[in-house]
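**Q** Sequence and predicted structure, then a few things I'm wondering about:
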Amino acid sequence: MSKLIKLYIILKYYIMDLDLIKACKFGYLKQVKLLLKAGANLNQVDNNGRSPLHWAAHNNHLKIVELLLKVYVNPNRVDDDGKTPLSWAAHNGHLKIVELLLKVEVNPNRADNLGRTLLHWAADNSNLKMVELLLKADVNPNRADVEGQTPLHWVAYNGHLEITRLLLKAGANLKRTNVDGETPLHWAAYNGHSETVELLLKAGADLKRTNVDGETPLHWAAYNGHLEIVELLLKAGTNLNQANNNGNTPLHWVADNGYLKIIELLLKAGADPKQVNKYGRTPLYWAIKKGYPKIVELLKSYENKISSLSLLCLRTIYKNQINTEDIPSMILEWDFHQ
């Protein structure tokens with residue numbers, strides 16, 4: 001056989017293999033069948049390490065996936081991102097393909113290069129049906145990715161209540177922290193998902209847990225102006241005067257951001273307006289610097305009037321939901337005229 005003929009054969013099969021990847025990628029079923037009959041390489045990969053099955057699963061071409069599995073293509077091949085065809089199907093929400101691939105010999109707990117499993121991607125995409133399917137397949141709900149995030153972190157971040165319930169029922173650890181020391185409660189509070197916060201609190205979330213910067217979920221809720229969540233956390237018993245690593249309390253942050261209603265709430269609950277951070281600055285400093293006259297006036301009035309006894313009274317009032325009319329007027333009168 002001449003070198004020219006050999007080269008022709010090599011090029012023919014090389015082009016045919018590339019055509020198979022393209023046909024699977026774009027869903028050309030008839031072309032896939034013809035190429036398979038002609039002897040195209042089932043396990044040929046492109047520049048990203050993706051096989052024909054990767055692309056068929058990635059782009060939701062169910063008939064092609066079925067065909068490729070019948071001719072014994074490798075379902076566990078990983079691409080350059082560490083993803084199998086099953087990973088891509090779950091990532092992109094292709095439920096029927098995931099159901100099909102779970103029936104062959106695949107590892108549903110396999111993680112990609114980011115450390116994320118099928119359940120991470122389903123939770124991040126708020127895909128309820130996919131989460132249900134994966135939990136039935138015994139996918140681990142507590143597997144952490146390279147950043148220490150579990151599926152519960154992602155679903156709390158997105159605020160999907162039903163998926164949160166499912167994961168908790170499946171044994172998800174709601175106190176698990178990521179590499180920055182943040183719990184799912186931190187993320188739900190940060191993004192303003194009040195129903196998710198309430199659910200996590202009822203399930204026993206640690207509302208006093210601080211991240212690596214010393215910040216509690218209350219810090220994050222206050223920073224972003226989530227009044228309802230601040231109320232929930234206060235009623236649950238969080239430490240409203242907890243300072244972060246720079247000495248800033250939630251009151252410092254809301255004074256800096258200008259959230260008047262949250263400042264009123266924190267002050268009534270017993271927040272200390274005189275607490276200084278590591279640079280010697282009180283919440284009043286930030287209100288003056290940012291130019292919030294109503295907040296300045298409010299903080300000044302509390303700084304002038306509230307002594308240590310009144311702070312104690314306010315905390316007791318808030319914690320026990322006592323009507324101020326039930327407190328002897330002589331105590332309040334004495335305190336506010338010192």
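**A** Thanks, I have the structure now.
**Q** Now do the SS call for residue 101.
**A** In three-state terms, and counting by DSSP: H, G, I helix; E, B strand; the rest coil, residue 101 is helix.
**Q** Report the spatially nearest residue to it, omitting neighbours in sequence.
**A** Leaving out its chain neighbours, the residue that sits closest to residue 101 by C-beta to C-beta, 6 or more residues apart in numbering is residue 86, at 4.4 Å. Bear in mind the C-beta positions are built from the backbone N, C-alpha and C, glycine included.
**Q** Map the structural domains onto the sequence of the chain.
**A** Following automatic domain parsing, one finds the domains of the chain at 1-108+119-137, 159-172+182-239, 252-338.
**Q** Pipe those into JSON lines and attach mean neighbour count per row.
**A** Listed next are those as JSON lines, based on neighbours: other C-beta atoms under 10 Å:
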{"stretch": "domain 1-108+119-137", "mean neighbour count": "18"}
{"stretch": "domain 159-172+182-239", "mean neighbour count": "21"}
{"stretch": "domain 252-338", "mean neighbour count": "16"}
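**Q** check contacts around residue 302.
**A** Applying C-beta atoms under 8 Å, 6 or more residues apart in numbering, we find residue 302 in contact with 267, 273.
**Q** got it, and residue 84?
**A** Residue 84 makes contact with 54, 75, 76, 77, 78, 106, 110, according to C-beta under 8 Å, 6+ apart.
**Q** at 10 Å what do you get?
**A** Counting by C-beta atoms under 10 Å, 6 or more residues apart in numbering, residue 84 makes contact with 51, 53-54, 57, 74-78, 90, 101, 106-108, 110, 112, 118.
**Q** Residue 255: what's its closest spatial neighbour, skipping adjacent residues?
**A** Spatial nearest neighbour of residue 255, excluding adjacent residues (C-beta to C-beta, 6+ apart): residue 283 at 3.7 Å.
**Q** The one you found against residue 271, yeah?
**A** Yes - contact criterion C-beta atoms under 10 Å: residue 283 and residue 271 qualify, at 8.3 Å.
**Q** intersection of neighbour lists for these two?
**A** In contact with both residue 283 and residue 271: 249, 250, 251, 252, 254, 263, 302, using C-beta under 10 Å, 6+ apart.
**Q** Helix or strand: which one has the most centrally placed residue in the chain?
**A** Residue closest to the mean C-alpha point of the chain, counted by C-alpha atoms, centre = their mean, is residue 154 at 2.5 Å. Per DSSP states H and E: residue 154 is located in helix 151-158.
**Q** what's the answer for residue 167, then?
**A** helix 161-169.
**Q** All the helices of the stretch 151-300 of the chain, residue numbers only.
**A** Counting by DSSP state H, counting those that start in this stretch, the stretch 151-300 of the chain has helices at residues 151-158, 161-169, 184-190, 194-202, 217-223, 227-235, 250-257, 260-268, 283-290, 293-305.
**Q** From the contact counts, what lies against the third one?
**A** Counting contacts by 3 or more C-beta pairs under 10 Å, 6 or more residues apart in numbering; DSSP states H and E, helix 184-190 is packed against helix 151-158, helix 161-169, helix 194-202, helix 217-223, helix 227-235.
**Q** where does the protein dip in pLDDT?
**A** For the chain, applying pLDDT under 70 flags the ranges 1-18, 305-338.
**Q** how far away is residue 296 from residue 284?
**A** 7 Å (C-beta to C-beta, to the nearest Å).
**Q** who touches both of those two?
**A** Counting by C-beta under 10 Å, 6+ apart, the residues touching both residue 296 and residue 284 are residue 255.
**Q** Contacts only, for the residue nearest to the centre of the chain.
**A** Counting by C-beta under 10 Å, 6+ apart, residue 154 touches 116, 119-126, 145, 160, 163, 167, 184, 187.
**Q** about what we covered before: using TSV, lay out the helices of the stretch 151-300 of the chain together with distance to residue 30.
**A** As requested, these are exported to TSV (distance: least, C-beta to C-beta, whole Å):
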stretch	distance to residue 30
helix 151-158	39
helix 161-169	39
helix 184-190	47
helix 194-202	48
helix 217-223	54
helix 227-235	55
helix 250-257	60
helix 260-268	63
helix 283-290	66
helix 293-305	69
